[in-house]
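> Below: sequence and its predicted model.
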Amino acid sequence: MLRLNNLNKSFTNNLGTTKNIFKNLNFNMKQGDFVSVIGSNGAGKSTLFNLIMGNTELDQGQIMISDKNITNLPKHKRNSFMSKVYQNPSFGTSPSMTVFENLSMADNKGEVFGLTLGLNKKRKNFYKKNLAELDLGIEKQLDTKVGSLSGGQRQCLALIMATLKRPKLLLLDEHTAALDPKTSKIIMNKTNEIVKKEKIATIMITHNLQDAIDYGNRLIMLHDGNIILDIGEEEKKTLSVEKLLNIFNEKHVRPKDDEVFRV
Amino acid sequence: MILGTLEQSLIFAFMVLGLYISYKILDFPDLTVDGTFPLGASVVAFSLVNGIDPIVAMILACIAGAIAGFITGYIHVKYNISNLLSGIIVMTGLYSVNLRIMGRSNIPLFNINTIFTSGNTIIKILLLLIAVKLVLDFILKTKFGFALRALGDNEVLLISLGINEKNVKIIGLMLANSLVALSGGIMAQYQGFSDIGMGTGTIITGLASIIIGESIFKETKFINMTLLVILGSIIYKFIISITLTMGMNPGDLKLITSIIVVAIMGSKNLKRKKGGVKLA
């Protein structure tokens, strides 16, 4: 499904010093995989997403999706078959437009935005049903401007919009970090439900270790641009936050590329 | 006087509609309009003097405006020049272009066949304005219109919908500037001449109209944004013509307009600071 071949990326700062983020990073994931990514700040999680989305240019390497090389594809073209949900709820929606208008737009993702009517009236009931399942009351506010919804409601809407057209790859960038625990739970459950039902290949960055363990069928830990831990479905079931924290601490003390097992 | 003011305000309304697209929808303070307004006038004047049909002349003005908008958009998205500066650059360049088109600093259009030569002036303007408003209303309801509106709101979303946000921005500016040029072209025919200096302050006039319309009609039902800016344009022109009849020096007009814009925007922003106004 998604294959990263020998990714290399370094940044040069104003003083001219170069920092290597990724050195020959390799990663594979299958159709329907739900991978949680953990790692401390600066581990390269966000850079990884930016490279996949095309926001940051790659120095070297290849990004393949369904055996198609997308390394040189401009970002808006990549976005026509993949989606990202951001930490900030306002990135995924258009605040001055109504819920209905936002959903109709999302339903046209990857297609031509031409001079045909924008509202998708045929799907109105489908949207309502979908929103009602969340139990956040958005279904009654279809004609409300998104800007006047709460952060949690907006993030739910952003998630639904991102998955409405069943993307090949879904990237979740700490998408519940800015929400209260209750809404966060609702969104995590909805995410899990959508991903399982639609079998969307998903990568989720999270700082919540419990979420990383509870959701998804695979867990990887990034450190200094390397995948230093890759736990599959079976092993993941026996995992606990303490175990993970121990590993976390260990890796922090002596993490040199060569001593750490590679993937 | 009232009729004359109304006619002028309706002609300016085309320009205000254009500015509404760039300033309000795209969130792009497009200074190109100060150059596209006289550009439209120049193109129409040049065409009419050379015996071209007035309707065709106005279409040519729209095309010229669209080209100007394209250049502003292109240098903005392609070379990463800020939106304000892109507009200023093109506006400045257009001054020379307009001089070239006209061959001198003004062209009188007396004894030349214009759209106003026969028939009722205000009805013609009104019909054309309604047609443009309806077309614009329709465009804003289409998928493309949605993309346009989303762009001013949230560029990230537009990209994530698989849309090339740069193209949408350029097309939006082309649309906006073609309306401004159309407005200039009609104005030249209405006043009977085209002048190189007639564009000065266009953007401020337009801004004043938009924010006057917004502050009066924002909460009113059955008045959508396009109608709102047209009404704003009419009210603004009447305010100006009343101040003129009260003995104001016409030369002070631009200063008055600037002060009006600062006063309304300033009071809005101060209210927002105190938490009085909800996020727009």
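Noted; the coordinates are in hand.
> the strands in the chain, which residues?
Unless you meant another one, I'm taking chain A. Secondary structure of chain A (DSSP state E): strands at A:2-12, A:18-29, A:34-38, A:60-65, A:68-69, A:82-85, A:169-173, A:201-205, A:218-223, A:226-231.
> wrong chain, I was asking about chain B
Applying DSSP E to chain B gives strands spanning B:106-108, B:193-195.
> Okay, now the sheet partners of the last one, with direction.
For strand B:193-195, sheet partners with direction are given as strand B:106-108 (antiparallel), following DSSP bridges.
> Spell out which parts of chain A neighbour chain B.
Counting by C-beta under 8 Å from any C-beta of the partner chain, the residues of chain A close to chain B are A:74-77, A:79-81, A:83-84, A:86, A:90-97, A:101, A:104-106, A:108-119, A:147-148, A:162. (C-beta placed from N, C-alpha, C; glycine too.)
> from those residues, which ones fall inside helices?
Counting by DSSP state H, the part of these found in helices is A:Lys75, A:His76, A:Lys77, A:Glu101, A:Ser104, A:Met105, A:Ala106, A:Ala162.
> between the residues you listed, which has the most around it?
Note: the member of those with the most neighbours is A:Met105, at 27 neighbours, neighbours being other C-beta atoms under 10 Å in any protein chain shown.
> which outside residues touch stretch B:3-11?
For stretch B:3-11, the external contacting residues (C-beta atoms under 8 Å, 6 or more residues apart in numbering or on different chains) are B:121-122, B:125-126, B:129, B:183, B:186-187, B:190, B:230, B:233-234, B:236-238, B:241.
> Show me what residue of chain A gets nearest to chain B.
Ranking the residues of chain A by distance to chain B (C-beta to the nearest C-beta) places A:Ser80 first, at 3.0 Å.
> could you pull out the helices for the stretch 151-280 of chain B?
Assigned by DSSP state H, counting those that start in this stretch, the helices in the stretch 151-280 of chain B fall at B:155-160, B:165-191, B:202-217, B:225-245, B:253-273.
> Can you give me the distance of B:Leu270 to chain A?
Noted for B:Leu270: a distance of 21 Å to chain A, by C-beta to the nearest C-beta, to the nearest Å.
> what's the distance between that residue and A:Ile160?
Counting by C-beta to C-beta, to the nearest Å, the gap from B:Leu270 to A:Ile160 is 38 Å.
> In contact with the closest residue in space to A:Val241 that isn't next to it in sequence, which residues?
Excluding its sequence neighbours, the residue lying closest to A:Val241 (C-beta to C-beta, 6 or more residues apart in numbering or on different chains) is A:Leu209, at 4.8 Å. Counting by C-beta under 8 Å, 6+ apart, A:Leu209 touches A:Ile38, A:Val241, A:Leu244, A:Leu245.
> how about 7 Å then?
Counting by C-beta atoms under 7 Å, 6 or more residues apart in numbering or on different chains, A:Leu209 makes contact with A:Ile38, A:Val241, A:Leu244.
> Narrow the residues you listed to just the buried residues.
Among the contacts of A:Leu209, those classed as buried by 16 or more other C-beta atoms under 10 Å in any protein chain shown are A:Ile38, A:Leu244.
> can you redo the contacts of A:Leu209 as TSV with pLDDT and distance to B:Ala64?
Formatted as TSV, the contacts of A:Leu209 follow (pLDDT from 0 to 100; distance: C-beta to C-beta, whole Å):
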residue	pLDDT	distance to B:Ala64
A:Ile38	91	58
A:Val241	87	66
A:Leu244	84	65
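> Show me the shaky parts of chain A.
For chain A, the stretches with pLDDT under 70 are A:252-263.
> got JSON lines for the strands of chain A, with distance to B:Pro250 too?
Putting the strands of chain A into JSON lines (distance: least, C-beta to C-beta, whole Å) gives the following:
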{"stretch": "strand A:2-12", "distance to B:Pro250": "58"}
{"stretch": "strand A:18-29", "distance to B:Pro250": "63"}
{"stretch": "strand A:34-38", "distance to B:Pro250": "67"}
{"stretch": "strand A:60-65", "distance to B:Pro250": "64"}
{"stretch": "strand A:68-69", "distance to B:Pro250": "65"}
{"stretch": "strand A:82-85", "distance to B:Pro250": "56"}
{"stretch": "strand A:169-173", "distance to B:Pro250": "57"}
{"stretch": "strand A:201-205", "distance to B:Pro250": "62"}
{"stretch": "strand A:218-223", "distance to B:Pro250": "68"}
{"stretch": "strand A:226-231", "distance to B:Pro250": "73"}
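> nearest to B:Leu253, of the ones you listed?
Set against B:Leu253 and scored by C-beta to C-beta, the strands of chain A come closest in strand A:82-85, at 50.3 Å.
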